[in-house]
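**Q** Have a look; sequence and predicted model below, questions after that.
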Amino acid sequence: MLQAQPVGLQPEDIRQGRLEQVIVTATREARARNELPESVGVLSAADLEQIMPSHPAEALNRMAGVHVNNLGGEGHMTSIRQPLTTGGVYLFLEDGIPTRPTGFFNHNGLYEIDLTQADRIEVTRGPGSALYGSDAIGGMINSLTRAPGAEREFGLTLETGENDWYRGLLSASGAISTQGRAGVQVNVTDNRGFRDDSDYSRASVTARWDQDWTDSLSSRTVFAWSTIDQSGVSALDEENYRHNPEKNLYQGDIGFREVNALRLSSELAWQPSDDKLWTLTAFVRDNSMDLMPSWMLSYDPNVYTTEFTTLGLMAKHRRSFADLNLDWISGVDVDYTPSSYQEQRIILSKQGDLFVDYHRSGRTNYDYDADQLTLSPYSQLEWQPSERLRLSAGVRYDRFRLDYSDNLDASVPEVGVFAPLPFPARHYRPEDQQVTFDQWSPKLGLVYDLSDDHNFYATWRHAFRAPTAGQLFRSGSVPDTTDLKPVTAISREVGLRGRLTQWLDYDLALYHMTIEDDIVSLIIDNTRKTLNSGETRHQGAELTLLAHWSDRWSSTLAVSHSQQEYKDFSYICGAATCNYAGNDIPRAPDNMANATLAYAAADNLWRVELEWEYLGRYYTDETNTRDYDGHKLLNLRGQYRLSDTIELYARLQNLTDRRYSTYTSNQVGVADLEYRPGQPRTGTVGVRVRF
């Protein structure tokens, strides 16, 4: 029979203690937080049900040191110990598996995951453990899928809101055999957007099958698919930002984005004894995206299609030596990704300052294939020499090989005057070749229990990011881009976490990171070059407080302060190269904060929560001559339980209808700022039914 399950108004009970909270990402196994030398934030399924995020930012920005902005639809940039950036310094995961291969980072990549219906989200701030390779510099965001239960369950959520917001969420799970369980979640979303011609729609399906074959052998198979259709959304000058924020310079299909992302993985776990665990995970990715890059409309208008298909394997072995108090984890990741890229020049039509239409010019700028093979063995040791002390050391080796082939005939010109631009355009194409590079990444960690209620950790980690396929082979106006090498980072971190009282938990982290060999563009001997040259420094503090004042009142506070600056960094300004050493890195907020205050009725009939968001000041370009002052927002959420199976909820975002910008920038040498208007006051209501 279908059994009624009470709808979830209760937050995760923080009085269980954050030190004992289970973390999965670091070792791909369940581990207590107090065993790990790293800073991790967690959002549980109950947290996500209370937030009901319409955008990843609404959930992730509750964590200290984490800011995700909203670029329209579910588009976003992320800032975790790094500035808001499109660069590949973050690793997005689903059940510990990267959602994209190395070299194919997409700063909007979280929209390929159904975060709203995740079982939990874990955010690792700073570089990851030896189990993770490229891109895990600023942090990792791991979405864990729901494990289906043995009892049959069914859930349906329907939402509607302003700007023609509609969303339907469906979930079902239960036993399919004596030892087998399966579940499925569906997400269908459609939204007109608060700005002109800013429609957005998505459909996602996530299915999971768990099977216990014997007492020691089990498997987990996950299928995830998302399709996204998103309109382009422009930045605005200050006049329109202040007085006409709904205006969008991109009309119709200008700046469009169409994404299809499919992932399939199957993990086989064999645990013949408590001290041995073998896991083997095979996975497939199939991804395609059609895009008109809006940032190139003014100087190189084009549309492109990029596709990749991945075949991968992750093998891991964990061996525990009880007599030595030693755990040894070793494994290897293999990833083979054939990819293709086609780009065509387009001709745009304008009416005043609006881009209203386009047509293809018939010129193909790029058509190439790049097949990548990655081999990554790793090993990690954890030793507990005393009851209170735990030491860890790990190392990972990543070997990359890319086979590149240009599909355009040599007669297709790389440089020339091509309509509609009256000046010469450059689309340099490398010769067919094989590119290889490798990287060692050592890791060291220490955890010490000061007492039963307080825990100290320290960590030193090396991290890197490999050049993307686009940086290597989509050369643009810069010849000779295939000799780029990985960007490297060294991170040092100490932390203190625990319980101050029976009702107050805390988590404090201090970090210092240097990044070298950043990829920059320079003018050398009157020639534009792209090369590894920059060095930056990132340091700061992050504090989380969780308070459960009584059975009714609870609150959270997440605050962070950072200093991010150029140590050795030059970049193109006009027809020359300028040195910005000593300047702050642009779009790196100095302070961030999030606070919530919640009240739940004694009978758990209803709950209301007030949230405060703060984003601090940041410079908008490398010269540090212009800045954005930051903003403060209030959000209100409420839930009311009609019965054990039916719940009503509502959220009101930007309660005071404040004018703010989610991303403010300007080009070096251009004084005028460009703003991305944030969402005005917006209301949403929903009903959740669960049996």
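**A** Thanks, I have the structure now. Residues are numbered from 1 along each chain as shown.
**Q** low-scoring stretches of the stretch 1-150 of the chain, by residue?
**A** The model of the stretch 1-150 of the chain has pLDDT under 70 over residues 1-18.
**Q** Check the stretch 501-650 of the chain too.
**A** Low-confidence segments of the stretch 501-650 of the chain (pLDDT under 70): 523-527, 574.
**Q** ranges for the strands of it?
**A** 504-524, 527-548, 553-568, 570-573, 576-579, 591-600, 606-615, 618-619, 627-628, 631-641, 646-653 (DSSP state E, counting those that start in this stretch).
**Q** Equivalent analysis for the stretch 51-200 of the chain, please.
**A** So, for the stretch 51-200 of the chain - with DSSP E, counting those that start in this stretch - the strands run 66-68, 78-80, 90-94, 97-98, 120-125, 139-144, 153-161, 165-175, 180-191, 200-212.
**Q** cool, and the stretch 351-500 of the chain?
**A** 354-383, 389-406, 415-416, 425-426, 433-449, 454-465, 487-501.
**Q** about what we covered before: ok, which of the strands of the stretch 51-200 of the chain comes nearest P430?
**A** Nearest to P430, of all those, is strand 97-98, at 25.9 Å by C-beta to C-beta. C-beta: built from backbone N, CA, C; applies to glycine.
**Q** Quick check: pLDDT value at the nearest residue in space to I176 that is not next to it in sequence.
**A** Computed as C-beta to C-beta, 6 or more residues apart in numbering, the closest residue to I176 that is not its neighbour in sequence is A182, at 4.8 Å. Per-residue confidence (pLDDT) for A182: 98.
**Q** just checking, A182 touches T206?
**A** No. Applying C-beta atoms under 8 Å, one finds A182 not in contact with T206, separated by 11.7 Å.
**Q** Just put the strands of the stretch 51-200 of the chain in JSON lines and tack on distance to E493 and mean neighbour count.
**A** Shown next, in JSON lines, are those (distance: least, C-beta to C-beta, whole Å; neighbours: other C-beta atoms under 10 Å):
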{"stretch": "strand 66-68", "distance to E493": "15", "mean neighbour count": "24"}
{"stretch": "strand 78-80", "distance to E493": "13", "mean neighbour count": "26"}
{"stretch": "strand 90-94", "distance to E493": "17", "mean neighbour count": "24"}
{"stretch": "strand 97-98", "distance to E493": "22", "mean neighbour count": "23"}
{"stretch": "strand 120-125", "distance to E493": "9", "mean neighbour count": "23"}
{"stretch": "strand 139-144", "distance to E493": "12", "mean neighbour count": "25"}
{"stretch": "strand 153-161", "distance to E493": "39", "mean neighbour count": "17"}
{"stretch": "strand 165-175", "distance to E493": "37", "mean neighbour count": "18"}
{"stretch": "strand 180-191", "distance to E493": "35", "mean neighbour count": "18"}
{"stretch": "strand 200-212", "distance to E493": "33", "mean neighbour count": "19"}
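**Q** Distance to S44 added to the ones you listed, as TSV?
**A** Below are the strands of the stretch 51-200 of the chain laid out as TSV (distance: least, C-beta to C-beta, whole Å):
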stretch	distance to S44
strand 66-68	16
strand 78-80	20
strand 90-94	17
strand 97-98	21
strand 120-125	5
strand 139-144	10
strand 153-161	16
strand 165-175	16
strand 180-191	16
strand 200-212	17
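**Q** For Q667, find the nearest of the ones you listed.
**A** Across those, closest to Q667 is strand 78-80 (C-beta to C-beta), at 20.1 Å.
**Q** Run the chain-centre distance for the closest one.
**A** 8 Å (C-alpha atoms, centre = their mean, to the nearest Å).
**Q** circling back: please identify the deepest-packed of the strands of the stretch 351-500 of the chain.
**A** strand 454-465 (a mean of 22; mean count of other C-beta atoms under 10 Å).
**Q** picking up where we left off before, go through the strands of the stretch 501-650 of the chain and pick out the most buried.
**A** strand 618-619 (a mean of 22).
**Q** just to revisit the earlier point, so which of the strands of the stretch 351-500 of the chain gets nearest Q679?
**A** Nearest to Q679, of these and by C-beta to C-beta, is strand 354-383 at 21.8 Å.
**Q** now for that closest one, which elements pack on it?
**A** strand 302-321, strand 326-351, strand 389-406, helix 469-473 (3 or more C-beta pairs under 8 Å, 6 or more residues apart in numbering; DSSP states H and E).
**Q** What average pLDDT does the longest one get?
**A** Average pLDDT, strand 326-351: 97.
**Q** ok now do N260, which residues does it touch?
**A** By C-beta atoms under 8 Å, 6 or more residues apart in numbering, the residues touching N260 are 225-227, 286-289.
**Q** switch to 10 Å and redo it
**A** N260 is in contact with 112, 225-229, 286-290, 307, counting by C-beta atoms under 10 Å, 6 or more residues apart in numbering.
**Q** follow-up on the earlier one: kindly reformat the strands of the stretch 501-650 of the chain as CSV containing distance to G65.
**A** Shown next, in CSV, are the strands of the stretch 501-650 of the chain (distance: least, C-beta to C-beta, whole Å):
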stretch, distance to G65
strand 504-524, 8
strand 527-548, 4
strand 553-568, 4
strand 570-573, 26
strand 576-579, 29
strand 591-600, 7
strand 606-615, 12
strand 618-619, 15
strand 627-628, 19
strand 631-641, 18
strand 646-653, 22
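**Q** Other residues contacting stretch 603-610?
**A** 6-11, 50-51, 551-552, 554-556, 595-601, 634-642, 647-651, 655.
**Q** Go again with 8 Å.
**A** 9-10, 50, 596-601, 634-641.
**Q** What are the buried residues along stretch 252-271?
**A** By 16 or more other C-beta atoms under 10 Å, the buried positions in stretch 252-271 come out as 253-257, 259-263, 265, 267-270.
**Q** out of those residues, which are inside helices?
**A** With DSSP state H as the criterion, helices contain none of these.
**Q** what two of those are the furthest from one another?
**A** I254 and W270 (53.2 Å).
**Q** In contact with the nearest residue to R492 once chain neighbours are set aside, which residues are there?
**A** Spatial nearest neighbour of R492, excluding adjacent residues (C-beta to C-beta, 6+ apart): H512 at 4.9 Å. By C-beta under 8 Å, 6+ apart, the contact set of H512 is 491-493, 537-539.
**Q** One more: L169?
**A** 116-117, 155-159, 185-187.
**Q** repeat that for 10 Å
**A** Contacts of L169 (C-beta under 10 Å, 6+ apart): 52, 114, 116-117, 155-159, 185-189, 204, 686, 688.
**Q** coming back round to it: distance to T281 added to the strands of the stretch 351-500 of the chain, as TSV?
**A** TSV is the format used below for the strands of the stretch 351-500 of the chain (distance: least, C-beta to C-beta, whole Å):
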stretch	distance to T281
strand 354-383	13
strand 389-406	17
strand 415-416	46
strand 425-426	43
strand 433-449	20
strand 454-465	22
strand 487-501	27
